[in-house]
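Chemist: Quick one, fold the following:
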Amino acid sequence: MQGKLMVVGTPIGNLSDFSPRAVETLREADFIAAEDTRVTVKLLNHFEIKKPMVSYFEHNKYERGGMICDRIESGETCALVSDAGMPAISDPGELLVAQCAERGIPVFVVPGPSAVVSALAISGLPTGRFTFEGFLSVSKKSRRLHLESVKNEQRTMIFYEAPHKLASTLTDMFAAWGDRRIALVRELTKIHEEVIRTTLSEAVQRYAEGGARGEFVVVIEGAPAPQQFEYDMEDAVAMARDSVESGLAASEAAKQAAAETGFKKGDIYKALLMKEEPEE
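Modeler: Residues are numbered from 1 along each chain as shown. Predicted coordinates:
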């Protein structure tokens, strides 16, 4: 009988956020795949859980992934956990889930805390549409290319950043995008949880001399929507007339002008014909 993979969200700082279902899942699993067994053992000890663990992290994920899949196919249930938050989200567990999917292994999720959504919820910035960009590269060139690629992104953007890289990242963001609203969310669910709602320019000055502490989630306002040009009927007719002079049929020219300007095709067509009628 085939086993299964259970993707289990873990606390991002406060152990009280670990759900009863998550505790039960770890107790029932045959073994646990952990990003860092030294971190996970503290969680297990807190909830008095004793289970065998295998380390599964960035530098052994290809080798261990195949081994874990083999064990699941032999009938065992594996619980996948990360050091904090949801496994597979900006996390090596992404590969293990993909490998299970390729091999037809059942994968189930036990939802848990997520720094991405938690930071967005308290950022004070628009939450209806957002994009998670993860960690920026340590390479200056790659980091700046990444920032340039999302320069015109209109959705709220969310990044992870380590304290020692925060100042340079903020400086690069300001250089790439100019000033925007920003929320710096640090130490989520921990004693020193803090939300700093400010602007990019002020954030650059705030951390210019360093001093950042704790892991940060950086939530940034998206680019403003491009200004829409307002057309009047005269513009629409002139647009259609230009298309006719280029060889397009009047009906098709009116249709294209209507799509561009928002005026009705029939109204543009009538106005176009009237202008084309020779004067007596």
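Chemist: my guess is S123 meets R181, correct?
Modeler: No - the criterion here is Cβ atoms under 8 Å, and S123 misses it with R181 at 9.1 Å. Quick note: C-beta positions are derived from backbone N, CA and C, even for glycine.
Chemist: higher neighbour count, these two?
Modeler: The neighbour comparison of S123 against R181 (other Cβ atoms under 10 Å) goes to S123, with 24 against 17.
Chemist: show me the contacts for the more buried one.
Modeler: By Cβ atoms under 8 Å, 6 or more residues apart in numbering, the contact set of S123 is 156, 183, 185, 195, 197, 219.
Chemist: Which one of these is nearest to S16?
Modeler: Closest approach to S16 among the contacts of S123 (Cβ to Cβ): V185, at 19.3 Å.
Chemist: leaving aside the residues next to it on the chain, what's closest to that closest one?
Modeler: Nearest residue to V185, sequence neighbours excluded (Cβ to Cβ, 6 or more residues apart in numbering): A119, at 4.0 Å.
Chemist: Count residues in the vicinity of the one you found, would you?
Modeler: Residues near A119, counting by other Cβ under 10 Å, number 24.
Chemist: hang on, it in a strand?
Modeler: No - A119 is assigned helix when assessed by DSSP: H, G, I helix; E, B strand; the rest coil, not a strand.
Chemist: now the strands: where do they sit in the chain?
Modeler: With DSSP state E, the ranges of strands along the chain come out as 4-8, 31-34, 53-55, 77-81, 107-110, 130-135, 156-161, 181-186, 194-199, 216-220.
Chemist: Buried residues of the last one, list them for me.
Modeler: Put plainly, it is strand 216-220. 216-220 (16 or more other Cβ atoms under 10 Å).
Chemist: For that strand, which strands pair with it and how are they oriented?
Modeler: Next to strand 216-220 in the sheet, as set by DSSP bridges, lie strand 156-161 (antiparallel), strand 181-186 (antiparallel).
Chemist: now A176: how far from Y160?
Modeler: Counting by Cβ to Cβ, to the nearest Å, the gap from A176 to Y160 is 18 Å.
Chemist: Contacts for stretch 35-55, please.
Modeler: Stretch 35-55 is contacted by residues 10-11, 15, 18, 23, 26-27, 29-34, 56-57, 64, 67-68, 79, 81-83, 87, 91-93 when judged by Cβ under 8 Å, 6+ apart.
Chemist: residue contacts, T198?
Modeler: 181-184, 206.
Chemist: how far away is it from K151?
Modeler: According to Cβ to Cβ, T198 and K151 sit 20 Å apart.
Chemist: again, but for P92
Modeler: Separation of P92 from K151 (Cβ to Cβ): 29 Å.
Chemist: can you check T40 too?
Modeler: In terms of Cβ to Cβ, T40 sits 39 Å off from K151.
Chemist: now I182
Modeler: I182 is 15 Å from K151, by Cβ to Cβ.
Chemist: okay, the two: which has more neighbours?
Modeler: Neighbour tally, I182 and K151, criterion other Cβ under 10 Å: the higher count belongs to I182, 24 against 10.
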